[in-house]
Every structure is written in structure tokens, then in C-alpha cells.
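[1] Provided below are the primary sequence and the corresponding predicted coordinates.
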Amino acid sequence: MEEFPSSSGSEEGFVPDYDFESSFERLKDSACFPARLTILGLKRTNKHLVMRELLRVKNAQTLDEIKDAVVAAYQDLMALEIFDAVDIVIDGLDGKHPEACSITARFSEKSPIQVHTGTYVQGQEGSVEASATLTNPLGHAERLNLSGEWGSRSTTTYSLALTRARPRGLPYLATARLYQQFSSFERWSSFTELLRGAETSLSTEDGRHLVGAGIGWYRLADPARRASRSVQQQFGEGVRSAIKYTFRHTTFSGEASFPLEGYGVSATSEVGTHSGGPARGPFFKQRCAAQVALPLGPAASLTLAGEAGLLLPLRPAPAATPSPITDRFFLGGLSGASLRGFSQRGVGPSDVRRPPPAAGVGAAAPPAAPAAPGGRTRDALGGDVFCTFLGALNFELPFEATRAAGLYAHLFVNGGNVVGLGPACREDAAAFASGFRWSMGAGIVWPTRVGKLELNLTRVVRAREHDRVKTGVQFGFSPPAF
């Protein structure tokens, strides 16, 4: 192996001696070896971190091989997300060694501090988010993020996360996070949840595989004192710990939000336990989704999508104790398990709420309690098994303005069902299928980086008693499935 020293120098006077692109075709198969490496522009970044990626060129024997190694190193260096720019130039060394070349890598590091603020609207709730990120403070491609999110109705979250890309040069993303989250589900299920915990995860750079683990303390309460008996059974404090694995894979062509052809699958498996709370014991949770897009022309496609989930308590007598309500699946609306034409969390098992405290303390609950905010008289309980189906015909609108904005239209048929595994909800497959709710409609879709905004005109074809139907105009946000 030829000598391959590294050196640092000033950026002044850095000018390539020749046009690399025009010379490449003529010289790409010529024998060539790297003899010198110069690194410029590093201030905070550890030099070893950069050398680890660039040293792959040592084994190259032709200019073409050096080019391939440099491109791969460039991609991995930018994947660290600590550089604004990386410029790598291959140049001749001197006349005495015609087969030798020098490599000069010039780096522009990102600002060490980034501050972000924003406002968002999801469904009927607005939120304000603020975050501050320290990028590469110790020089090992780490990022420290402190963030807060304040919802107008139901959620307040604070988190501190440490992320490191390509730990030890491996193609993974490692994350550790501490958080506190307060969530109010009073509009739907008459309880609030305070959660404090820690979690860690390791994912591949392409996001296809993720392994994570977490532990958290939680407290469920009913400040309004109107929760149904089924929800009251869940109140108290406990500790939840779990490990999970997530797999995602897509082959879609076209825009990810408007795929013309291909398929996508995702699956999340989780095993954990609750201790100290009313719904204690181990559990297994599985959620799967699949979608296929069939082309119907240059600007239209048929999308078929399905999603299913199972929450299975791993106790000797699963029906003796209800599953934790915070782990259950909820159906309806556009967020979570989507079912258009119904209100958010408006489908599935429910129980009548208690009357307000002034209506009588200790008295038996009447068949219908006075409505809480949102007009609900029953608590959504969620279920342990759910399944949804969506068939949609997607097509571009014949207007230049809508095409420029990325808007498109769809005609859809949507169905789904959710049930519990308790004694009162044991159903065979045929009964589960016959309990499907169905809706149909048309609408306008506006894709964004974080999901899709939909304005739909819906009609419910089949509903069941106590479902909250929302026929007519429905506007909401649908998070990305993959």
C-alpha cells in the first residue's frame, strides 16, 4: 500500500487545476492510487469521524474506483446531518508520480444552535411547538434537542432527545429520549393521562427497521368526575415497559402522497408489561398496514389499503381484567385508525357517562348522562381487535393552480370494525365482518410533508347503535401510513 498521509491546511488558494467532469471519461480506467488527503474546514467535528469515511478510498486502484469511493463517502458524511456542504476534489499530485492523486475534502459545518418555532392544526386542535437543537457540540455527530409542544385542547409535551447518526461508523441512527406528556381524552373517553418516561431506539438509515425499548410512569384521572364505570376501572398509577420492532418497506413510484404504482407494508410488534396499575400484567400488541397502488393512466391510480391490529393480554385469564385503555385501538375520523364519515374515536365499544357531580353523588348512573364538551354522552372504550379497508380512485384536477399546489381528488369507499376481547365482545370471524361500518364519498386531498389534509363529502352506508356519525362535510388531517 502506498503512503497515504493526512494533512490539514488553509482553505486559501483552493482552486481545482482541471475540469474533473470533462477529464473523467478519458482517465477513469487509468491506474491511479490516492497518495495524499487534505482536510479543510473542520472546527468542532472530530477528525477521526471524517477519516473513518474517507479512508475507504485507500483500496481503490483506478480513478473510477476512487470516484465511487468518494461518492459513497460523501453520501455517508452528509447523512450525519452535521454539515451544510461537503466538497471533495480529486487532483493530480505531481509529474514524478503520474499514477498518484491527491484528495482534498472541504467541509462547511452547520451552525451549532438551531431554534425552531411553528404552529400546527390537526383535526380540531391547534398546537404551538418550539425547539432548540445543539448540533455536533462534542464533535461526534451528536444532536441534542430540547422541545415543547402546547396543544390548545388536549396535549402538552416536553422532551429532551440525544441522537447520533452512524455510531461507530455503522449505518444506523441511535436515539435516546426523556419526556413528559400530558394528554386529555376527556372529549372522547373522560380521562386524562400524565406520562413520564424514557425510551431508546436504533434504526437503519433508510428507516426500514427499528428496534426500541421504553419505560414510563403514568397516572390516569378524571378531573371532571363524569367517567363511565368502564373507564373508572382504569384509574390509578402504574409503570409501563415495552420493547418493540417496526418494519417498513415501499416500492411506490410517483409522489409518496399520491403513488401511481407500487406497494407498501409496515408492521409493528410490541411486547411489554404493566405493573402497579389496575390493568396489570404482560401484553402483546401487533399492528400491520398494507397498501397497493394500481396505475390507471399518467395522472390517476386506484389505491387499495388495509390495516389491522391485535392487543392480547398474556395472562392466564385475559377476560378477567380489561386491557389498558391507553393501549387499545380507537376507530373513527381521519387520525389514528381512519374511518371517514364518523367522528374521531366515534366507532366501537362505549359506555354511558356519569351525570355531573351536582346531579347526585353516589346515585346510579341514568341511561344517558348530560353531554360533555363535544356533545358526547358516552365514553369511547376502544377495542383489542380492529381492521379497516380503504379503496380510493385518485386523480389530478384539471386546473393548473391545483396541480401546482399538489392537490388531487379522490372517490373512496371506507370500512372498518373494532371490538374488545372481553366476555361481552367475543365474536367469531363472521360476526366481526358483519359488524363492519361502511362509508363512501369524494373529496380534495392536499399532501404535506407530515401527512394529508382532506376535505371530504361523506355518506355513511352502515353504522351501529351508539356510533357517532358525521355525514356531510368532513375536514381533517390524515398522518402518513408509511
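    Ah, there it is. Since we're looking at a predicted model, the values are computed, not measured.

[2] which strand of this protein spans the most residues?
    Taking DSSP state E as the criterion, the chain has its longest strand at strand 258-275.

[3] just the buried positions in that one, please.
    Neighbour-count burial for strand 258-275, counted by 16 or more other C-beta atoms under 10 Å, picks out 258-260, 262-266, 268, 270, 272, 274. Glycine gets a C-beta too; all of them are placed from N, C-alpha and C.

[4] of those residues, which one scores lowest on pLDDT?
    Lowest pLDDT among the buried residues of strand 258-275: F258, with 76.

[5] any idea how far F395 is from it?
    9 Å (C-beta to C-beta, to the nearest Å).

[6] got it, and Q61?
    53 Å.

[7] same thing with Q180?
    Here the distance between Q180 and F395 works out to 45 Å (C-beta to C-beta).

[8] poorly predicted segments of the stretch 51-200 of the chain, please.
    94-95, 121-124 (pLDDT under 70).

[9] R168 in helix, strand or coil?
    The three-state label given to R168 by DSSP: H, G, I helix; E, B strand; the rest coil is helix.

[10] so how many other residues sit close to it?
    8 (other C-beta atoms under 10 Å).

[11] mind listing what the closest residue to A279 other than its chain neighbours touches?
    Distances taken as C-beta to C-beta, 6 or more residues apart in numbering place P324 nearest to A279, at 4.1 Å, with adjacent residues excluded. Going by C-beta atoms under 8 Å, 6 or more residues apart in numbering, P324 touches 234, 240, 274, 277, 279, 283.

[12] doesn't S439 make contact with L457?
    No: applying C-beta atoms under 8 Å, one finds L457 not in contact with S439, separated by 10.9 Å.

[13] of those two, which one has the most company?
    A side-by-side neighbour count of L457 and S439, using other C-beta under 10 Å, places S439 first with 24 against 14.

[14] so what's that one bridging to?
    Per DSSP bridges, the residues bridged to S439 are N414, V460.

[15] so who does A392 touch?
    Contacts of A392 by C-beta under 8 Å, 6+ apart are 302-303, 305, 410-413.

[16] buried ones among these?
    303, 305, 410, 412.

[17] so E81: helix, strand or coil?
    On the three-state scheme (three-state DSSP), E81 is labelled coil.

[18] list the contacts for it?
    110, 135, 141, 143, 165 are the contacts of E81 under C-beta under 8 Å, 6+ apart.

[19] picking that back up, which one of the contacts of A392 sits closest to L49?
    Nearest to L49 out of the contacts of A392 is A305 (C-beta to C-beta; 41.7 Å).

[20] how about that closest one: what's its closest non-neighbour residue?
    Q291 (4.0 Å).

[21] surely the one you found meets E261?
    No: assessed by C-beta under 8 Å, Q291 is found out of contact with E261, at 11.8 Å.

[22] would a markdown table of the buried ones among the contacts of A392 with distance to M78 and secondary structure be doable?
    Formatted as a markdown table, those follow (distance: C-beta to C-beta, whole Å; DSSP: H, G, I helix; E, B strand; the rest coil):
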| residue | distance to M78 | secondary structure |
| --- | --- | --- |
| T303 | 33 | strand |
| A305 | 33 | strand |
| H410 | 36 | strand |
| F412 | 39 | strand |
